[in-house]
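In: quick one: sequence plus predicted model below, questions after.
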Amino acid sequence: MPTSRLPRATLVASRFKPHYMLRLALISLVTGGGCLILGCLSLFSVPLRGDVAPLWPSAGWLFGCYWVYGSRALPSALAGSLAAALLMQSPPTALAFIAPIADTFLPYAAIRLLRRHMDNATLLGTVRNTLSFMGIGAALPSLGTAVLSMLIVAIPQHQPPLYALERTLIWFLTDFTSILTIAPALIEVLRMPRRTLSRRPTLGDIVLFSLEICFSLLLFTTFILHDISTYPLLFFLLPLSFWACLRLGPTSISLFVLLSSGIAIVGTLHGVGVFAPYPTDTGILLVQVYTAIKSATLFVFCALQQDRNATHDSLDRTQAATIIGLASLAETRDNDTGHHILRTRHYVRILAETLARSPRYRSILTRTHIHRIANSAPLHDIGKVGIPDAVLLKPARLSPEEFDIMKTHAELGREALRKSCRLLGMNSFLRTAEDIAWTHHERWDGTGYPRGIQGLHIPLSGRIMALADVYDALTSPRVYKQAMSHDKAREVIIAERGRHFDPDVVDAFLATENEFRTVAETLLDDANPLPV
């Protein structure tokens, strides 16, 4: 056998392995069985509400199966759709054969076209993907099925144009809302065994879903209110929907949409709810429009929120990279080389997160503030760029005069960062970096520099940075001293409690000293290892 044919032969042979055949059988059972059951339920509901079904779940089911399983789901999908049509229509008509074929192949063709217009493989991850899903994935196959149904049913029966148009719109919306509401949720459920859930439901998520169930039951059932107009209550759902967009991700929002839309459609199907008082066709049309608008709005706003979060994360990474770059550039002129800025950044975050758990600092050290302090910490010595080389690079202890010059780096750093703050605004992350650069050499008892600020007048970020900087200086070697062990550095810090350091910050250090030790041992300077 030629070598060029070996990979293909291996591929063909692998398709007859037991695990592949078992998987193919499972795909066929899920796809075909779902089409058969949902198709029968939809066709059974037609006599209850006229000559059309208020929802055609098979369209959404097929879309979800095609998206996950690909072309392997086609044969079973066609078999299940034809079986449902033949079982529920007696005697079979032309529509019983043509409509299932169209329902089967149009969503698959739409998915093939849709994947060419998407940024990545996620269905609702970005605004572009979401709009492409609604336009190409949901609207195109629905429109094709609606036009085909009109050509087969409405026109040959010589129905009035308005009647044919109304039927076409209802047929379009039945498939459109089905794909819009069922497909995203089904895709997430089918993929769930392949990956772990990103996070467990929070209390806010549970409250959201509970409120949505209550409002939907209020609007579209008779469980809560009887014989009362609930139409104005639709407007009270808007804040809840926007809250859901802000809190929920694509997975949760797809389940949220399915839950809300399902209750609305089932309620209308059984003649209760907001749209029940209207004529049959009008009620079906209204519930479909309501479902389509709400679903599309939720998906688009959720995608906007996801895009915003992605942009924010990208800017945050750029900001962090820029800060590390500037700090590293400043550090190249200093004898304190190595991983000093990385270690102190970790120390600052550990201290801030520990302090945030105490009632005194809980409202101050929010997640955003902790993030700003940790990201700004590498810029604490940016002012050393302005110190002369004769002082900065001296391979020995500084004289009192030289130390006075070195002290000016706090003011130099503050002034440099203040100029940037004026351009970016006082709420810029550099405002925190300015405080750190200016005050990380201040002491709790007021004997520090450059201003001799005392106690709580020192910004909290500066008090945190002071301990982190001193700990790293003690446990790192310099040209004029040996590195100190963690235990000895701990003794020094305890001795300076209430003098050099804020007592609360020292207590936070003692509560997390093992984490400090781990960071110090992990981020060793290559040429200067710490003592064991």
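Out: Cool, got the structure.
In: other SSEs contacting the helix ranked longest in the chain?
Out: Determined from DSSP state H, the single longest helix within the chain is helix 280-331. In terms of contacts (3 or more Cβ pairs under 8 Å, 6 or more residues apart in numbering; DSSP states H and E), helix 280-331 is packed against helix 18-49, helix 127-132, helix 161-191, helix 237-247, helix 250-269, helix 340-355, helix 367-376. C-betas here are computed from N, CA, C, even on glycine.
In: one more time with 7 Å, if that's ok
Out: Under the contact criterion of 3 or more Cβ pairs under 7 Å, 6 or more residues apart in numbering; DSSP states H and E, helix 280-331 touches helix 127-132, helix 161-191, helix 237-247, helix 250-269, helix 340-355, helix 367-376.
In: pLDDT value on the closest residue to Thr268 other than its chain neighbours, please?
Out: Of all residues not flanking Thr268 in the chain, Val287 sits nearest, at 4.2 Å (Cβ to Cβ, 6 or more residues apart in numbering). Per-residue pLDDT puts Val287 at 82.
In: what's the answer for Ala13, then?
Out: The model reports Ala13 with a pLDDT of 47.
In: what's the answer for Lys17, then?
Out: pLDDT for Lys17: 59.
In: still on that earlier bit, could I get the helices and strands packed on helix 280-331 in a markdown table, plus columns for mean pLDDT?
Out: Listed next are these as a markdown table, based on pLDDT from 0 to 100:
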| stretch | mean pLDDT |
| --- | --- |
| helix 127-132 | 89 |
| helix 161-191 | 83 |
| helix 237-247 | 72 |
| helix 250-269 | 81 |
| helix 340-355 | 92 |
| helix 367-376 | 89 |
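In: CSV for the ones you listed, including mean neighbour count and distance to Ala138?
Out: Shown next, in CSV, are the helices and strands packed on helix 280-331 (neighbours: other Cβ atoms under 10 Å; distance: least, Cβ to Cβ, whole Å):
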stretch, mean neighbour count, distance to Ala138
helix 127-132, 20, 10
helix 161-191, 21, 4
helix 237-247, 15, 19
helix 250-269, 22, 12
helix 340-355, 23, 44
helix 367-376, 19, 37
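In: just put those in JSON lines and tack on distance to Glu491.
Out: As requested, the helices and strands packed on helix 280-331 are exported to JSON lines (distance: least, Cβ to Cβ, whole Å):
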{"stretch": "helix 127-132", "distance to Glu491": "57"}
{"stretch": "helix 161-191", "distance to Glu491": "55"}
{"stretch": "helix 237-247", "distance to Glu491": "48"}
{"stretch": "helix 250-269", "distance to Glu491": "51"}
{"stretch": "helix 340-355", "distance to Glu491": "17"}
{"stretch": "helix 367-376", "distance to Glu491": "26"}
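In: out of these, which gets nearest to Asp469?
Out: helix 340-355 (5.9 Å; Cβ to Cβ).
In: who touches the closest one?
Out: Contacting residues not belonging to helix 340-355 are listed as 324, 327-328, 331, 361, 365, 370, 373-374, 377-378, 464-465, 467-469, 471-472, 476, 504-505, 508-509, 511-512, 515-516, 519-520, 523 [Cβ atoms under 7 Å, 6 or more residues apart in numbering].
In: out of the residues you listed, which are buried?
Out: 324, 327, 331, 361, 365, 370, 373-374, 377-378, 464-465, 467-469, 471-472, 476, 504-505, 508-509, 512, 515-516, 519-520, 523 (16 or more other Cβ atoms under 10 Å).
In: any weak-confidence spans in this protein?
Out: Applying pLDDT under 70 to the chain flags the ranges 1-20, 43-55, 88-97, 153-159, 192-201, 222-238, 328-338, 424-428, 479-480, 525-532.
In: returning to that earlier point: what angle sits between the longest helix of the chain and helix 340-355?
Out: With axes from the mean of the first three to the mean of the last three Cα atoms, to 10 degrees as the basis, helix 280-331 and helix 340-355 are set at 130 degrees to each other.
In: how far off centre is helix 280-331?
Out: When distances are taken as Cα atoms, centre = their mean, to the nearest Å, helix 280-331 is centred 8 Å away from the chain's centroid.
In: if I look at Arg360, how far off is Ile101?
Out: 70 Å (Cβ to Cβ, to the nearest Å).
In: likewise for Ile370?
Out: 59 Å.
In: with Arg362 instead?
Out: 63 Å.
In: which one's more surrounded, these two?
Out: Each of Arg362 and Ile101 has its neighbours counted (other Cβ atoms under 10 Å); Ile101 has more, 14 against 11.
In: and the contacts of the helix or strand hosting the more buried one?
Out: Assigned by DSSP states H and E, Ile101 belongs to helix 94-114. With Cβ under 7 Å, 6+ apart as the test, helix 94-114 has contacts from 58-59, 62-63, 66-67, 74, 77-78, 81-82, 85-86, 89, 132-133, 136-137, 140-141, 144-145, 148-149, 152-153.
In: residues contacting Arg128?
Out: Asp119.
In: Gly452: what secondary structure?
Out: Secondary structure, DSSP: H, G, I helix; E, B strand; the rest coil: Gly452 is coil.
In: what number of residues lie near the residue nearest to it when sequence neighbours are not counted?
Out: Residue nearest to Gly452 in three dimensions, not counting chain neighbours: Gly446, with 5.3 Å by Cβ to Cβ, 6+ apart. Residues near Gly446, counting by other Cβ under 10 Å, number 14.
In: can you confirm Gly446 is in a strand?
Out: No - in this structure, Gly446 is coil, not part of a strand, as judged by three-state DSSP.
In: burial measure for the residue nearest to Thr268, as a count.
Out: Applying other Cβ under 10 Å, we find 27 residues neighbouring Val287.
In: how close does it get to Phe63?
Out: From Val287 over to Phe63 the distance is 21 Å, taken as Cβ to Cβ.
In: swap in Trp444?
Out: To Phe63, Trp444 is 64 Å away according to Cβ to Cβ.
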